[in-house]
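In: I would like to see how this sequence folds:
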Amino acid sequence: MSQYRVSVERSINAPAAQIFALLADAGLHASFDGSETVVGARLPSQPLALGSSFSMSMRGRRETLFLPYRTTNIVIEFVPDRLIAWQTWGPAKLIGGRIWRYELTPQDGGTLVRETWDAEHEKYRSMVIRGSVPQKTEDGMRETLDRIAKQLGA
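Out: Numbers count the residues shown, from 1 in each chain. Here you go, the predicted model:
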């Protein structure tokens, strides 16, 4: 864990293409979100691509007083079956800027999946990396990778 980035990785016994298909469908994100903050996509499922924009309904974490909110996400990195990343923004881009990245590396028996939360470009970085937020983010990411594996039967 660095000051602005948190990464977790896990081997998943499934082909990279199968994992990527799950990640590249914003309508499925709530089904494997380990933070339990993603409620669902605001529009029906559609495959993501470089430059795609998608909106998510979100809920605050249980331990905070945050109310439900929406995010707008723009796909900024996209290599089929290998890499997908999106930058997340709040209303009118007044808050946000963090990047969620998934890197997939085929290996014997499956795929090594690395998820990274990158707050380097976050508008209010000092608030986002304060206190227990990075650790809670890391815990949620580990749960996300576990849920992806379970969902794929791996």
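In: Tell me which helix or strand in the chain has the weakest average pLDDT.
Out: Lowest by mean pLDDT, DSSP states H and E among the helices and strands of the chain is strand 38-41, with a mean of 55.
In: Report the rounded mean pLDDT for the helix or strand hosting Ser11.
Out: Using DSSP states H and E, Ser11 falls within strand 5-12. Per-residue pLDDT over strand 5-12 has a mean of 95.
In: cool, stretch 116-126 as well?
Out: The model assigns stretch 116-126 a mean pLDDT of 83.
In: just to revisit the earlier point, could you give me the buried positions within the strand holding Ser11?
Out: 5-6, 8, 10-12 (16 or more other Cβ atoms under 10 Å). Using the backbone N, CA and C atoms, a C-beta is placed for each residue, glycine as well.
In: roughly how far is it from the heart of the chain?
Out: Offset of strand 5-12 from its chain centre (Cα atoms, centre = their mean, to the nearest Å): 11 Å.
In: Contacts for that strand, please.
Out: 1, 19, 107, 109-120, 134, 137-138, 141-142, 145-146, 148-149, 152, 154 (Cβ atoms under 8 Å, 6 or more residues apart in numbering).
In: quick one: the strands in the chain?
Out: Counting by DSSP state E, the chain has strands at residues 5-12, 38-41, 53-58, 69-79, 83-89, 96-107, 110-118.
In: In TSV: the ones you listed, plus distance to Ser31.
Out: Formatted as TSV, the strands of the chain follow (distance: least, Cβ to Cβ, whole Å):
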stretch	distance to Ser31
strand 5-12	15
strand 38-41	9
strand 53-58	13
strand 69-79	17
strand 83-89	16
strand 96-107	15
strand 110-118	16
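In: and these, which one is worst for confidence?
Out: Ranked by mean pLDDT, these bottom out at strand 38-41, which scores a mean of 55.
In: All set now, cheers.
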